[in-house]
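**Q** next come a sequence and a model predicted from it.
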Amino acid sequence: MKNTPKKVNADLQRERDQCTFNTQELTHLIDGGEEKTQERKKREEVVLNEGIHLEEVPSEYLSHKEKYELAVKKACKLFKLIRRLQEEENTGMENYREVLGGYLGSAILNDGSPLTLHYVMFIPTLMGQATVEQQAYWIGRAFTCSIIGTYAQTELGHGTFIRGLETTATYDPNTKEFVLNSPTLTSYKWWPGGLAHTANYSVVVAQLYTKGKCHGIHPFIVQLRDEETHMPLPGVKVGEIGAKLGMNGTNNGFLGFENVRIPREHMLMKNSKVLEDGTYVNSPSSKLTYGTMMFVRVVLVNDMCNYMAKAVTIATRYSAVRRQSQPKPNEPEPQILDYLTQQHKLFIGIASVHAFRSSATWLWEMYNNVTAELDAGELDRLPELHALSCCLKAVSTADAAECVERCRLACGGHGYMLSSNLPLTYGLVTAACTYEGENTVLLLQTARFLVKAHQQAAGGHSLTPTVSYIAAVGAGRRSPPWENTIEGILTGFQRVAAGKIALCVANIEKRQKNGLPYEDAWNMTSVQLTSASEAHCRAILLQTYYKETEKVSARASPALRPVLLQLVDLYIVYWALQRVGDLLRYTSISERDIEQLQTWYEDLLQKIRPNAVGLVDAFDIRDEILHSTLGAYDGRVYERLMEEALKSPLNAEPVNQSFHQHLKPFMQGKL
């Protein structure tokens, strides 16, 4: 088998030959230009040539402890290499972002990295919330990895509700120190990546007490372990939380404090301050402490694009190779990609990658603009950014989890194999549905912004751009009448969102009039509120994808342009059919309109079908990064499945020792 020539599967090659556009052009468009593509390819070549991703024994056969030790070894080698490249190229944080949030890092650390939070949370928090003097001291040490940090916020008893955190930091003016304590079991920090055995420092979010008064949550830098011996410092109780569905290389930990003292200067004081005598100086806005979380939520939207792209690449290529059933007697088994049901499972995933990538780019630009405004003391757009980052994080992670699972199911039994890389990818994306804010709670945070926006519109006040449609939507289901066009569907989704928000406000007010306190009225309406937030997010996603693709397609070749627009149409029509109940309720769409949408959708699947493999090839994900027996470029699915099976340690010997110890005596009735 080892000598079998690695030719490209004939069916897969035929798919590539029939593609109507230049896949390289689309790759350049996705990357942001030919130069960016070349930079990415060069970076991948340099990193993968180091061989850090290669494993003697596939990591799925290792113990939990061995997986962590391998992850640390790989992470140290990888970031040492990235640091060297930074020095040689002087490229800022680009290489780190590519490794942490891009495809490249997952090729080497496919089940999570114990160093991720050092770069994604610890350093960004220092940059966003430390004073200039604090940055001068800490960031240099962090960038050179003289210290390894993490970010400890979530506790055993509280996650998304950060105002309820129990860890305390009490200022002692006599020694000019903060004293950290974990007063209860539920106050133990729980979940931070790298915390268990990797990090020796952490940003710790705690309730600040000074002069007998609590001033709410604030960030502190706390040393956890000795810089030489790595032993936990006195009063620091730290360890690992155990095996999880996924991300078992991340080294998630728990952390408790018993009278741990830190210098006053270890409170991050860019926004709020505690003076030497214990006087508290307030921040211009309490929301400024949420900056790191918003940053990560923005990054997460882009991460989900990468996971979905991997999943649909694997499933689409496999669907071109796999032949099954015999719908027409005496004819060969068709490729499963020819079945409309398979196209229905996969093509929306391809479109979703482009849709979320458009929204991620748009959100990233908005984040940078608002951050610049914050530095200038302007806080007006912060609530809008917070609401957007909440709902886009929630919807993108939920859609990604659904997409990856749909791709796994589309691959039948082989998708269940760990070697397909679909189960591992699912473990990574479904984790994101919870961390950095559980999705339901995030949708409710967006809902608070939407309710306030509706009340402002009712009062005749102007609204920020992303919610301006609330004031623009007219009264009644038939005004304006339904149009079965892309523009009509977009307007329809705005009507749905505006209608759901209005209904939520009306129900809250009705319940208050019936004697319920506002908080209880809110809780009784919360199912509708999350639905309104999701509808708002869908409206923005569809609108952004449509507008951004209109701009991009104008620069595309005549061959590529219609393909890009077909994907937009598919995405928008798909979601219209998925939310047809809402459209019936809030617009004048008719049964005939819905029938036409269904036909339109099925026609789009058929139009996209010849370009399916070309579309996923354009994601340009190397085999080392896909790490899948089912999705490799050459389509040698069955050969690769057998090659991977033979790597199992159980296949190292023809008879396992358990036969002699247990099975044979049992079979002979000697037990």
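**A** Now that the structure is in, tell me what you want to look at.
**Q** which stretch of helix or strand covers the most centrally placed residue in the chain?
**A** Among the residues of the chain, the one closest to the centroid is residue 300, at 3.5 Å (C-alpha atoms, centre = their mean). Here residue 300 is covered by helix 291-321, with elements defined by DSSP states H and E.
**Q** I'd like the average pLDDT over the next helix or strand after that helix.
**A** Scanning forward in sequence from helix 291-321 by DSSP H and E, the next helix or strand is helix 340-375. With pLDDT averaged residue by residue, helix 340-375 scores 91.
**Q** equivalent analysis for stretch 614-626, please.
**A** Model confidence over stretch 614-626 averages 96 on the pLDDT scale.
**Q** one more: stretch 20-28?
**A** Across stretch 20-28, the per-residue pLDDT values average to 97.
**Q** give me the nearest residue to the residue nearest to the centre of the chain, chain neighbours excluded.
**A** Spatial nearest neighbour of residue 300, chain neighbours left out: residue 393 (5.3 Å); criterion: C-beta to C-beta, 6 or more residues apart in numbering. Every residue, glycine included, has its C-beta placed from N, CA and C.
**Q** pLDDT score for that neighbour?
**A** Looking at residue 393, its pLDDT is 95.
**Q** where does the strand or helix carrying residue 137 sit relative to the chain's centre, distance-wise?
**A** Secondary structure here is read from DSSP H and E; on that basis residue 137 sits in helix 132-143. Distance of helix 132-143 from its chain centroid, counting by C-alpha atoms, centre = their mean, to the nearest Å, is 28 Å.
**Q** which parts of it are buried?
**A** Buried residues in helix 132-143, defined by neighbour count with 16 or more other C-beta atoms under 10 Å: 134-135, 138, 142-143.
**Q** now stretch 552-569
**A** In stretch 552-569, counting by 16+ other C-beta under 10 Å, buried: 552-553, 556, 560-569.
**Q** end to end, how far does that stretch reach?
**A** Counting by C-alpha to C-alpha, to the nearest Å, you get 15 Å between the two ends of stretch 552-569.
**Q** repeat that for stretch 414-421.
**A** Between the opening and closing residues of stretch 414-421 lies a distance of 10 Å (C-alpha to C-alpha).
**Q** what residues does that stretch touch?
**A** 58, 60, 110, 310, 314-315, 318, 407-409, 411, 422-424, 626-631, 637, 640-641, 644-645 (C-beta atoms under 8 Å, 6 or more residues apart in numbering).
**Q** and those, which are buried?
**A** Here the buried ones among the contacts of stretch 414-421, as counted with 16+ other C-beta under 10 Å, turn out to be 60, 110, 310, 314-315, 318, 407-408, 411, 422-424, 626-631, 637, 640-641, 644.
**Q** now go through these and say which are in helices.
**A** Members of the buried ones among the contacts of stretch 414-421 lying in helices (criterion: DSSP state H): 310, 314-315, 318, 407-408, 422-424, 626, 637, 640-641, 644.
**Q** out of these, which comes closest to residue 23?
**A** The shortest separation between residue 23 and any of those is 15.9 Å, and it belongs to residue 626 (by C-beta to C-beta).
**Q** where's the nearest residue to residue 548 once chain neighbours are set aside relative to residue 39, distance?
**A** In space, residue 548 comes closest to residue 358 once its chain neighbours are excluded; the distance is 4.0 Å by C-beta to C-beta, 6+ apart. Residue 358 sits at a distance of 21 Å from residue 39 (criterion: C-beta to C-beta, to the nearest Å).
**Q** domain map for the chain?
**A** Recorded structural domains for the chain (assignment: automatic domain parsing) are 10-120, 149-283, 292-326+333-615.
**Q** out of those, the one nearest residue 656 is which?
**A** Residue 656 lies closest to domain 10-120 among the domains of the chain, at 14.1 Å (C-beta to C-beta).
**Q** circling back: how near is the residue nearest to residue 300 to residue 105?
**A** Spatial separation of residue 393 from residue 105 under the definition C-beta to C-beta is 20 Å.
**Q** between those two, who's got more neighbours?
**A** Shown here are residue 393 and residue 105; by other C-beta atoms under 10 Å, residue 393 has more neighbours (30 against 25).
**Q** ok, then the element right after the helix or strand bottoming out on mean pLDDT in the chain?
**A** None of the helices or strands of the chain scores lower by mean pLDDT, DSSP states H and E than helix 94-101, at a mean of 64. Taking DSSP H and E as the definition, the helix or strand that follows helix 94-101 towards the C-terminus is helix 103-108.
**Q** helix or strand next in line after that next one, which one?
**A** For helix 103-108, the following helix or strand on the C-terminal side (DSSP H and E) is helix 116-117.
**Q** tell me which residues of the helix or strand hosting the residue nearest to residue 300 are tucked away?
**A** Under DSSP H and E, the secondary-structure element containing residue 393 is helix 382-410. When burial is assessed from 16+ other C-beta under 10 Å, helix 382-410 yields the following buried residues: 382-408, 410.
**Q** same check on stretch 77-90?
**A** Neighbour counts over stretch 77-90 (16+ other C-beta under 10 Å) mark 78-79, 81-82, 85-86 as buried.
**Q** which ones among these map onto helices?
**A** Where the buried residues of stretch 77-90 overlap with helices, as defined by DSSP H, the overlap consists of 78-79, 81-82, 85-86.
**Q** mind putting the residues you listed in JSON lines, distance to residue 463 included?
**A** Written out in JSON lines, the entries for these read as follows (distance: C-beta to C-beta, whole Å):
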{"residue": "78", "distance to residue 463": "46"}
{"residue": "79", "distance to residue 463": "44"}
{"residue": "81", "distance to residue 463": "48"}
{"residue": "82", "distance to residue 463": "43"}
{"residue": "85", "distance to residue 463": "45"}
{"residue": "86", "distance to residue 463": "43"}
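**Q** which one of the residues you listed is nearest residue 171?
**A** When those are compared for distance to residue 171 (C-beta to C-beta), residue 79 comes out closest, at 35.7 Å.
**Q** ok, the closest one touching residue 116?
**A** No: in this structure, residue 79 is not within contact of residue 116 by C-beta atoms under 8 Å, at 10.2 Å.
**Q** and the helix holding residue 393, what does it pack against?
**A** Contact here means 3 or more C-beta pairs under 8 Å, 6 or more residues apart in numbering; DSSP states H and E; on that basis helix 382-410 packs against helix 291-321, helix 340-375, helix 422-432, helix 439-458, helix 526-553.
**Q** check the offset of the first one from the chain's centre.
**A** It stands for helix 291-321. In terms of C-alpha atoms, centre = their mean, the centre of helix 291-321 is set 7 Å apart from its chain centre.
**Q** ok, and the closest non-adjacent residue to residue 524?
**A** Among residues not flanking residue 524 along the chain, residue 511 sits closest, at 5.7 Å (C-beta to C-beta, 6+ apart).
**Q** mean pLDDT for the domains of the chain: which is lowest?
**A** domain 10-120 (a mean of 87).
**Q** how far does it stretch from one end to the other?
**A** Distances were taken as C-alpha to C-alpha; on that basis the terminal residues of domain 10-120 are 43 Å apart.
**Q** how far does it sit from its chain's centre?
**A** Between the mean C-alpha point of domain 10-120 and the mean C-alpha point of its chain there is a distance of 17 Å (C-alpha atoms, centre = their mean).
**Q** please name the bridge partners of residue 149.
**A** When bridges are assigned using DSSP bridges, the partners listed for residue 149 are residue 201.
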